[in-house]
Structure formats: structure tokens, C-alpha cells
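Novice: Any chance you can model this:
(chains A and B)
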Amino acid sequence: MIYNEEFETLPREALRALQVKRLQQVLERVYHSVGFYKKSLDTAKIKPHEIKSIADMSKLPFITRQDLQNNYPFGLFAVPMSNIVRLHASSGTRGRSTVFGYTKRDIDTWSELMARSLAAAGLTKNDIIHNAFEYGLFTGGLGFHYGAEKIGASVIPMSGGNSKRQIMILQDFGPTAICCTPSYALHLAEEGKALGIDMKSLKLRVGIFGAEPWSKAISAEIEKTFGITALDLFGLSEVIGPGMAMECLEGRNGMHIYEDHFIVETINPQTGEVLPEGEEGELVFTTLTKEAFPLVRYRSGDVSRLIIEPCRCGRTHIKMERVLKRSDDMLIVRGINIFPSQIEAILTAIEGLEPQYQLIVDRAGALDSLELHVEVSDKIFSNSGGVKELQKIEKRILKDMKDYLGIAPNLRLVEPSTLKKTDAKIIDKRRI
Amino acid sequence: MKVEQISVFLENKPGSLEHATRVMRDASINIRTLSLAETVDFGILRLIVNDVEKANKVLKDAGFRVSKTVVVAVEVPDKPGGLHSIMEVLSKESINVEYLYAFVEKSGQNAVIIFRFDAPEKAIEVLMKNKFTVVPGAQLYEF
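Specialist: Below is the predicted model:
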């Protein structure tokens, strides 16, 4: 089912023309309203009006996550705060977090894109949607919520956690669709099994999953366990949130990127050179309609491949394959994005600790498990030498990990020799 | 009258303690007494040794996290009520004991109890006032 027939099936030439027109408007706007863009375009000696085609975009400088962090919290906003109706933010301590603002119109745009995504999964006002994405600063919960309301479906704002209660509601409210991270879906299935519940007996018909890498094998497992169709959705909080691209029921091969709102490019992450469509590379996004927080050539760090072949669903928008790789050191654990630099920042903020650590990610059952090994620094131990003091530090580390990053690792304090055995700060043992 | 104790951070894993004892053996460090405190993920080995500085250095050189802690050694007759007589005084004076461990002297007549106090100075003062034998470090380290 196509939510916005006019725009989702726009012939490609008309779509290109619309993109160029919107791009020029965005460039003019950011050049005059966001100091960062004026400076970066001036440095590159480019004026907005010189960009006359999509091909000209390669002349424009990129914006990176580092730039977003450097401008924390509101430095990249293109409208005054009085026009902003919502703020979302990524995890991380000050200077390692990024903040995203939305105007009223941005929220409408986002809701429409989520409505398109839910419609692409065959959902209508007759459906009950169990939304187990986290509500809060994370864009997942509210993004899905607004889309679900927009199509008139009945939405259960479940948020994450409380698995037993989730299962009770899945049984009693009879939702026909579920939205969450793929690993949480498998976790619910495990919990259900332990309670003696056959997940296939639920009324669920379709699931929309995202926010973390998941393979086709996991998709197949979810489909089998729940007896549903498992669809993939893509979104980046920095860009708008969930609903930038969605797998359609008819095609079952890649996610349509809403090209009337975003321009996607694929680049070689080493050289920054634009690759021909269809080659694997880092995805770069430009927002065409966002008012509060426009992004021009944002390097996502996500590595994927664009699918240019037409889709039988009738949508003309290009598709992307599921994202399984990163071009940087970002880790996605239980749907939460984590950078080693964020962990380092938390550790160094604790008096006496050094950023000597190792993070080991594994998958125990359906869910990711995190083990954090932190070296006991000479400073900390020679000042105390006591059990109590070390336990206090452990508590502090765990609290900060939870407060700033939203993760709860198993923490072990270790001797220096343990970490010296390998240089790797991150060991990812998951097979996704 | 204070005694210096060596504390060594150990991970809870096989071979950790063996590594520490090996380093001390190789440096001919004699352990007078010891105790091991453990938590779920780590342990702290507490030692009274014959040569504090040397033990501190060789363990640090071997990559261990080491610290020196002030403790108080008290000698009591090795008979029923020996420890209690000390505890009675400490309790009366509201002196808190963080941890303790003990050993029996070679002669077999007396026991030596090693105390870790929050305020060692005050504890020593109270113990001496009550005629307890506080053993000086030098005497404890040597045979």
C-alpha cells in the first residue's frame, strides 16, 4: 500500500528535478542561517547558486558526526528556538552527544515518512501497533508513534523493557504489528517460550525492525518464531529518525529511501570520492525539507549498497540494502550507538582512572551482552588499596555508563597485564 | 608503632595469586602473615612482609597494582577471650575496625592481630592507654 502515491511514485526525472530545486533552497538557507555552513562553503570557495545539479554536489564539503559534536548543543540549528517544538539527542557525555531539533513542520514531515513506512508494511487504521521502541530522547519510540497515529492505527506506546508485561499485552491487546529492534523481538520470543507461550498464536501479522544491524538469517528466524513478515526500516536520528527508508511488502529486497526528502550518495570512505550508484560504500545523506536541523552531505558511517533496479511495488524511489557494516568504530549494542571515544570520555572523567579498557560484545541468546574490562590505575590503587574504594569506582563507572550511554555492561576491574595482551579496545564476537 | 601492609590488586582468575607469590619468592621476600579479601570480580591480597620497600618495588615492576596501607598489630595471649579483650576497649571508644586478620607467634604463647582502622593514631593511643602490647613494624618484619 502506498501512502503518498504522488510523491512515492514520481517518475525519476521529475524526482531528480524536485531534488535539485529543493537542494538549492536548502543550500541558500543553510548558507545564510547556519554559521558552520557559511564557513565550510566559503572555505571550499563555493556559492550555493553554483550547485545546479546532483552531480555538482561532489563539490560540496561533507559534514561529519565530529562537526555535529563540535556544535553541541544547538550550533547547527537553522531556526530560532522559538520555532523548535521538539528536541532529541544521542547518548554520550557533553561534547560527545549530538542534539537534533524539529520545527512543527519537521514533525509533520517525519510523521508522514513514518506513515509511508507503516503503509509499506501493509498497516492501516484497522491495525493495532505494539511499539516497543524506547520513548524518550531516542527518536525510535516517538517516531513510530507519530507515524502510527497518522495512519490512524491504534498504537500501544510500550517502550522498551518489562518483557513479561510486553508479552501479557501482546496476548491480551492482540496487536497485529510489532515494532522494535530485531534482537529485542528474539528476546521476547525467548521470554515467551519460557512462559510456555507459542508466539505464533499471537495476532501479530507483521513486524518492523531496525536501529541495529541484522542479517537475513535473523530476519528468517523472527519470521519463523512469530509467524509474521519481518520488514527492515532505516533511519538515523541525526538526519530525522526512523523512517528514512523502508522495505516494502511487495519487493522484499532493500529499503526505499524517501528521495523527495533526502538525497543519498555512496562514497569511498577513505577518499570521499562519490561512487557509482550500486557500488558498496558509505552512505551520505542530504536533507531536502528539514527546517530546524538541515544536513548537507552528512557522512553516516553506515556502509551499504544502493539498488537501482525498479521495484515491483511501484515506488520509484531508490533502495538501499540492509546496513551490516560501519566505516568507523561505532558499535550498535541493543539498538544503542556507542563510540569508543564516548566510553573513554566517561572513564577519564572519573578522578584517577585512565582510559585503559576493553569492551567485549557478544550475543548470549538473542540479546547482546557487554563486558567492560577497566584497568585499575596505579593512582587509584596506591591512594586506597581497599575493597570499598574500588567498589565505589565500579559503581560510579556503571552509573555513568547507564546515565550517559544507556548501557549496563558487566564490569570487571582488571590488572594492567590483562589489557596489554591485545591492543583492541573493542572486541565484537557477535556474528550478525 | 604503626605497621605497613602491602596490598596487591588481583583479578579473580586462575594464576593471578600464583604470579604474585612467584614474584615474591624470586625476590626472596618472606611473608609474615597475609589475608585475601575477595569480591565477585577482584581480590586484594594483604601482606605483612619482611621487606616492605622491596616487596612494593618487585611487585610493581612485575606489573601489579600495589599500595601501602597503615595497619596496627596488637599482641594478646593466645587463650580464650584474647581478641575479645581488645574488642571491648575498641567498642567502648567507638573505634571502627575495617578488617582484621591474625597469626600465632612462633613461641606459641601469643597471637598477633593485624587491624585496619579508619583512624590508626587514635586506636594506638587507646590501646596503649589500656596496656595492650602494640607491636612496632620493625619487630614484626624481622624474625
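Novice: For chain B, see how far away the residue lying closest to A:A211 once chain neighbours are set aside is.
Specialist: Counting by C-beta to C-beta, 6 or more residues apart in numbering or on different chains, A:G335 is the residue found nearest to A:A211 once chain neighbours are left out, at 4.0 Å. For the C-beta atoms, the positions are set from N, CA and C on the backbone; glycine is no exception. According to C-beta to the nearest C-beta, to the nearest Å, A:G335 stands 27 Å off from chain B.
Novice: Can you show me the CA trace of the one helix or strand in chain B whose mean pLDDT sits lowest as CSV?
Specialist: Across the helices and strands of chain B, mean pLDDT, DSSP states H and E gives its lowest value to helix B:137-141, namely a mean of 87. What follows is helix B:137-141, C-alpha atoms only, in CSV (Å, rounded to 0.1, in the frame of the first residue of the first chain):
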residue,chain,number,x,y,z
GLY,B,137,56.6,-2.6,62.4
ALA,B,138,60.3,-3.2,62.7
GLN,B,139,59.7,-6.0,65.3
LEU,B,140,57.1,-7.6,63.1
TYR,B,141,59.0,-7.6,59.9
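Novice: ok, residues contacting that helix?
Specialist: Contacts to helix B:137-141, defined as C-beta atoms under 8 Å, 6 or more residues apart in numbering or on different chains, come from residues B:K2, B:V3, B:E4, B:R32, B:I48, B:V49, B:N50, B:D51, B:V52, B:A73, B:V112.
Novice: now stretch B:76-87
Specialist: B:V74, B:A102, B:V104, B:E105, B:G108, B:Q109, B:N110, B:A111, B:I113, B:L127, B:F132, B:T133.
Novice: Stretch A:100-109 too?
Specialist: Against stretch A:100-109 from outside (C-beta under 8 Å, 6+ apart): A:74, A:77, A:79, A:81, A:83-89, A:110, A:139, A:146, A:237-238, A:240-241, A:261, A:289-293.
Novice: can you check stretch A:218-225 too?
Specialist: A:182-183, A:185-186, A:189, A:199-200, A:207, A:209, A:228-230, A:232, A:432.
Novice: what do you get if the cut-off is 7 Å, keeping everything else the same?
Specialist: With contact meaning C-beta atoms under 7 Å, 6 or more residues apart in numbering or on different chains, stretch A:218-225 is reached by A:P182, A:A185, A:L186, A:A189, A:M199, A:G207, A:T229, A:A230.
Novice: May I ask which helix or strand encompasses the fourth one?
Specialist: So the one you mean is A:A189. Using DSSP states H and E, A:A189 sits within helix A:182-194.
Novice: Toward the C-terminus, what is the element adjacent to that helix?
Specialist: strand A:206-209.
Novice: who's whichever residue of chain B sits closest to chain A bridged to?
Specialist: The minimum distance from chain B to chain A, using C-beta to the nearest C-beta, falls at B:S67 (3.2 Å). Beta-bridge pairing of B:S67 under DSSP bridges involves B:S7.
Novice: contacting residues around it?
Specialist: Counting by C-beta under 7 Å, 6+ apart, B:S67 has contacts A:F381, A:S382, A:S384, A:G385, B:S7.
Novice: For B:S16, see how far away it is.
Specialist: According to C-beta to C-beta, to the nearest Å, B:S67 and B:S16 sit 17 Å apart.
Novice: Ok, B:L83 next?
Specialist: 31 Å.
Novice: Repeat that for A:R431.
Specialist: From A:R431 to B:S16 the distance is 31 Å (C-beta to C-beta).
Novice: go on, A:D328?
Specialist: Counting by C-beta to C-beta, the gap from A:D328 to B:S16 is 36 Å.
Novice: buried residues in the least confident helix or strand of chain B?
Specialist: By neighbour count on 16 or more other C-beta atoms under 10 Å in any protein chain shown, the buried set for helix B:137-141 is B:G137, B:L140, B:Y141.
Novice: now swap in stretch A:377-393 and tell me
Specialist: Applying 16+ other C-beta under 10 Å to stretch A:377-393 flags A:S377, A:D378, A:I380, A:F381, A:S382, A:S384, A:G385, A:G386, A:V387, A:L390, A:I393 as buried.
Novice: who's in contact with the host helix or strand of the third one?
Specialist: Following DSSP H and E, the helix or strand that holds A:I380 is helix A:378-383. Applying C-beta under 7 Å, 6+ apart, the contact partners of helix A:378-383 are A:G352, A:L353, A:I393, B:F9, B:R65, B:S67.
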